[in-house]
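> can't give you the sequence, but here's the structure:
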């Protein structure tokens, strides 16, 4: 059975959009007031940037990437997963 390529493109766009929106939420003023873990990572960073490998450990991000919540950290930080998150950041006007 042939897969409709339009469906695959739409699914990829939806996943990218979902990841971008989730990242924008994580770094929103409202969330940072409550999220001590992320706020501390930002405060500790000299360049106000959080390592992408840290973001890959967040459960919602794992969900969007189709990864189980209990996946070992070494399996999360693949070049493909880093690239997907980097592309989502590039698509954002909020997160840089």
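Looks like it arrived, so ask away. What you see is a predicted model; the values in this text were computed from it and never measured. Residues are numbered from 1 along each chain as shown.
> contacting residues around the helix with the most length in the chain?
Longest helix in the chain, counting residues (DSSP state H): helix 5-26. Surrounding helix 5-26, the residues in contact under the criterion Cβ atoms under 8 Å, 6 or more residues apart in numbering are 31, 35, 38, 55, 58, 60-61, 64-65, 84-85, 87-89, 91-92, 94-95. Any C-beta I mention is one placed from the backbone N, CA and C, and that applies to glycine too.
> centre of the chain versus the helix or strand bottoming out on mean pLDDT in the chain, how much separation?
Here the helix or strand of the chain ranked lowest by mean pLDDT, DSSP states H and E is helix 73-76, holding a mean of 81. Averaging C-alpha positions (Cα atoms, centre = their mean, to the nearest Å) puts helix 73-76 14 Å from its chain's average.
> list the helices and strands that helix packs on?
Of the remaining helices and strands, none touches helix 73-76 by 3 or more Cβ pairs under 8 Å, 6 or more residues apart in numbering; DSSP states H and E.
> whichever helix or strand comes after it relative to helix 5-26, how many degrees between them?
Later in the chain than helix 73-76, the nearest helix or strand by DSSP states H and E is helix 79-90. Relative orientation of helix 79-90 versus helix 5-26 (axes from the mean of the first three to the mean of the last three Cα atoms, to 10 degrees): 70 degrees.
> could you pull up the mean pLDDT of helix 79-90?
Mean per-residue pLDDT for helix 79-90: 90.
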